[in-house]
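Visitor: Predicted model and sequence follow; I will ask about them next.
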Amino acid sequence: MSSAARSPLSLTVAGKLRATLVLTIAAFAVVGAISFFSGKSVEASMREAEDVRSDLSIAGSMRLANIELVLAAMDSIIDRNEGRINDERMALIKRNADYLTTHLEAAESLAAKLGMAAQAKTLGADVAAMNEAIVIRLVQLIERRADISAFSAIDDAIDDAGDRVTGVLADLEAKAHEELAQTLAATEANVGASFYLQLGTTLLAVTLVGLFTFLMSRSISRPIHAMTAAMRRLAAGEKDIAVPAIGRRDELGEMATAVQVFKDQAIERDALEKAAAAARVSEADAKQRQADLEHAKAEDLRAFMG
């Protein structure tokens with residue numbers, strides 16, 4: 001079996017420790033990557049919500065500017081006999097007219113984004129017509145003290161254009177409110193999903209790393225405990241023990257081989273000691289028999305000599 005196909009439990013002790021480290025790093029790298037991309041997704045959703053909120057603010061401000069502009073024009077018509085528009089009101093008119101003109105492109109872009117380009121098709125023309133009617137023609141009529149019929153005609157033109165502009169801007173504002181609500185709901189859902197995704201992956205990573213670490217530690221500790229017990233029994237003089245982990249191709253297998261050598265040497269030493277003891281007993285017996293024989297001969301000789 002090649003090393004590529006080996007089970008993690010068959011790795012060497014050093015390999016198991018490296019595998020545990022690599023798995024831990026990989027697991028938390030995955031958690032970190034998921035957290036990063038989830039954060040990016042939430043950030044994009046929040047940015048989209050902020051864009052919609054900005055568009056909503058522009059639509060609302062334009063509608064307010066349009067209302068103030070029309071009201072200022074109406075007040076100016078009422079005060080036409082003064083022969084001029086007072087400076088404060090004129091500044092208000094110019095400020096609101098400039099605001100509408102400056103943000104017209106943003107409003108048209110918002111209309112296109114919200115799918116309301118058709119409704120806003122005449123917005124630019126209406127804003128231009130209203131600004132021209134108020135800022136130029138109305139001022140001229142007031143300054144030359146024109147007849148009331150002229151003011152009636154321009155009043156109708158301002159009202160019609162103002163109503164159309166207000167209607168379009170109100171629709172844009174309502175649609176932007178709806179879009180904002182949907183975007184905020186999607187953002188909230190995205191935040192919730194991101195939280196549970198990160199929580200789930202973190203728990204899964206911790207579980208996998210914990211389980212893997214437990215299996216690796218048990219595959220190391222159990223043979224070590226068995227080896228320790230065997231060495232203790234061998235040191236106590238038990239020679240008939242079975243040395244665990246024999247045949248393993250890791251550090252524990254090398255330890256088992258060394259313990260087996262010690263066991264074999266102890267058995268061989270006992271055998272040599274038994275053989276030496278047996279030899280010593282045989283030698284003593286031989287000497288005793290020789291002594292007995294010589295003693296018997298001496299007794300026989302004394303008996304013969306009388």
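Guide: Alright, I've got the coordinates.
Visitor: Spit out the contact partners of the spatially closest residue to residue 187 that is not a sequence neighbour.
Guide: Leaving aside its sequence neighbours, residue 187 sits nearest to residue 45 (C-beta to C-beta, 6 or more residues apart in numbering; 4.0 Å). All C-beta spots, glycine's among them, are computed from the backbone N, C-alpha and C. Residues near residue 45 by C-beta atoms under 8 Å, 6 or more residues apart in numbering: 183, 186-187, 190-191.
Visitor: Make TSV from the residues you listed and add neighbour count, distance to residue 260 and secondary structure to it.
Guide: TSV is the format used below for those (neighbours: other C-beta atoms under 10 Å; distance: C-beta to C-beta, whole Å; DSSP: H, G, I helix; E, B strand; the rest coil):
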residue	neighbour count	distance to residue 260	secondary structure
183	19	73	helix
186	13	68	helix
187	20	68	helix
190	17	63	helix
191	15	62	helix
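Visitor: Including pLDDT and distance to residue 14, could these go into JSON lines?
Guide: Listed next are these as JSON lines, based on pLDDT from 0 to 100; distance: C-beta to C-beta, whole Å:
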{"residue": "183", "pLDDT": "79", "distance to residue 14": "54"}
{"residue": "186", "pLDDT": "81", "distance to residue 14": "50"}
{"residue": "187", "pLDDT": "80", "distance to residue 14": "49"}
{"residue": "190", "pLDDT": "80", "distance to residue 14": "44"}
{"residue": "191", "pLDDT": "80", "distance to residue 14": "44"}
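Visitor: Low-confidence regions, this protein specifically.
Guide: 1-11, 300-301, 304, 306 (pLDDT under 70).
Visitor: Can you name the residues that contact the nearest residue to residue 251 once chain neighbours are set aside?
Guide: In space, and not counting its chain neighbours, residue 251 is closest to residue 13: 4.7 Å by C-beta to C-beta, 6+ apart. Applying C-beta under 8 Å, 6+ apart, we find residue 13 in contact with 220, 250-252.
Visitor: most neighbours, which of those?
Guide: residue 252 (21 neighbours; other C-beta atoms under 10 Å).
Visitor: List the contacts of that residue.
Guide: By C-beta under 8 Å, 6+ apart, the contact list for residue 252 reads 13, 220, 223-224, 227, 245.
Visitor: returning to that earlier point: list just the nearest of the contacts of residue 13 to residue 26.
Guide: Closest approach to residue 26 among those (C-beta to C-beta): residue 220, at 20.7 Å.
Visitor: Please compute how far stretch 289-296 lies from its chain's middle.
Guide: 99 Å (C-alpha atoms, centre = their mean, to the nearest Å).
Visitor: who's in contact with it?
Guide: So stretch 289-296 is contacted by nothing (C-beta under 8 Å, 6+ apart).
Visitor: Over to stretch 184-191?
Guide: So stretch 184-191 is in contact with 41-42, 45-46, 48-49, going by C-beta under 8 Å, 6+ apart.
Visitor: make it 6 Å
Guide: By C-beta atoms under 6 Å, 6 or more residues apart in numbering, the surrounding residues in contact with stretch 184-191 are 41-42, 45-46, 49.
Visitor: Buried only: go through those for me.
Guide: With neighbours counted using 16 or more other C-beta atoms under 10 Å, these contain these buried positions: 41-42, 45, 49.
Visitor: where do the helices sit along the stretch 151-300 of the chain?
Guide: Under the criterion DSSP state H, counting those that start in this stretch, the stretch 151-300 of the chain contains helices at 251-305.
Visitor: how close does the residue lying closest to residue 39 once chain neighbours are set aside get to residue 48?
Guide: Distances taken as C-beta to C-beta, 6+ apart place residue 194 nearest to residue 39, at 7.2 Å, with adjacent residues excluded. Relative to residue 48, residue 194 is positioned 15 Å away (criterion: C-beta to C-beta, to the nearest Å).
Visitor: With neighbour numbers in mind, choose between these two.
Guide: Remark: of residue 194 and residue 48, residue 194 carries more neighbours, 19 against 16, as counted by other C-beta under 10 Å.
Visitor: re earlier: nearest to residue 128, out of the contacts of residue 13: which one, please.
Guide: residue 220 (83.0 Å).
Visitor: which residues does residue 56 contact?
Guide: Counting by C-beta under 6 Å, 6+ apart, residue 56 makes contact with 176, 180.
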